[in-house]
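**Q** Turn this into a model:
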Amino acid sequence: MIKLYFGPGACSFVPHVGLEAIKAATGEDFESQTVKLHKGEQHTPEYLALNPLGLVPVLVVDGKPLTQIVAICDYLDRRFPQAGLLPADPWQRAQAMSTFAWMNNTVHPTFTHIFRPTKFASTDDSQSDVRNMAVVMFREHLGRIQDMTAKAAPFLLGDKLSFVDAYAVVFLRWAGLGGIDPASLPTYKTYAERVAAHPAVAAAMAREGIKLDTWQPK
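**A** A predicted model of the protein is given here:
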């Protein structure tokens, strides 16, 4: 049995979408457990026994935990290639993993500086500087993703939904939370709306109780 521990709206949304796509393609069901990050449930002894870093996601397979989003998604794709969540061709797969890794090790940490500047600076002024600089950088990363979405056909890797699409949806949601109006990224926004309508994505969003547009004008 496979079980996913996820935080609503967090990066764990990516394997969550993958599991829904796998279920549709293969009939393989999964269990899920919400981790309420705002309540600190990721720091409970029970959760830390699964992931000592206190992060989501965690995928538990036959009682064994696997952490780190790239590793989890790589495992899911290799175990369930029928779902087509990453390309089968070695070169195309490597290119997809290059984009996936950039999203995970560059775009994602940039948003962390927006959302939690207290992790990177000690004073109010320095935290404000960290956040402001990160907003500029995050906006640049979103612009690069928007360039990718202009070539989507209809998804970033072609005619099939992938983990990369799910991550792109996460970032557009985070844009609104970071004070960036998604309407300023019209091609990206239209693409994300299309991805959000995919049954696997819609199912994951419904379970997590989240919506695509998080922008709130001041």
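**Q** give the contact list for P199.
**A** Counting by Cβ atoms under 8 Å, 6 or more residues apart in numbering, P199 touches 20, 24. For every residue, glycine as well, the C-beta is placed using N, CA and C.
**Q** Repeat that for T149.
**A** Per Cβ under 8 Å, 6+ apart, neighbours of T149: 156, 168, 187-188, 190-192.
**Q** Looking at those residues, state which has the most neighbours.
**A** A168 (27 neighbours; other Cβ atoms under 10 Å).
**Q** Torsion angles phi and psi at it?
**A** Backbone torsions for A168, taken as degrees, to the nearest 10, come to phi -60, psi -40.
**Q** Quick check, it in contact with R194.
**A** No. Judged on Cβ atoms under 8 Å, A168 makes no contact with R194 at a distance of 11.0 Å.
**Q** pLDDT of the longest helix seen in the chain, averaged?
**A** Ranked by number of residues, the top helix in the chain under DSSP state H is helix 124-149. Averaging pLDDT along helix 124-149 gives 97.
**Q** before we move on, what about stretch 52-62?
**A** Stretch 52-62 shows an average pLDDT of 97 in the prediction.
**Q** can you give me the end-to-end distance of it?
**A** Stretch 52-62 stretches 19 Å from its first residue to its last (Cα to Cα, to the nearest Å).
**Q** For it, buried residues please.
**A** 55-60 (16 or more other Cβ atoms under 10 Å).
**Q** Redo these as a markdown table? Include distance to E208 and secondary structure.
**A** Output for the buried residues of stretch 52-62, formatted as a markdown table (distance: Cβ to Cβ, whole Å; DSSP: H, G, I helix; E, B strand; the rest coil):
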| residue | distance to E208 | secondary structure |
| --- | --- | --- |
| L55 | 17 | coil |
| V56 | 11 | coil |
| P57 | 12 | coil |
| V58 | 16 | strand |
| L59 | 16 | strand |
| V60 | 18 | strand |
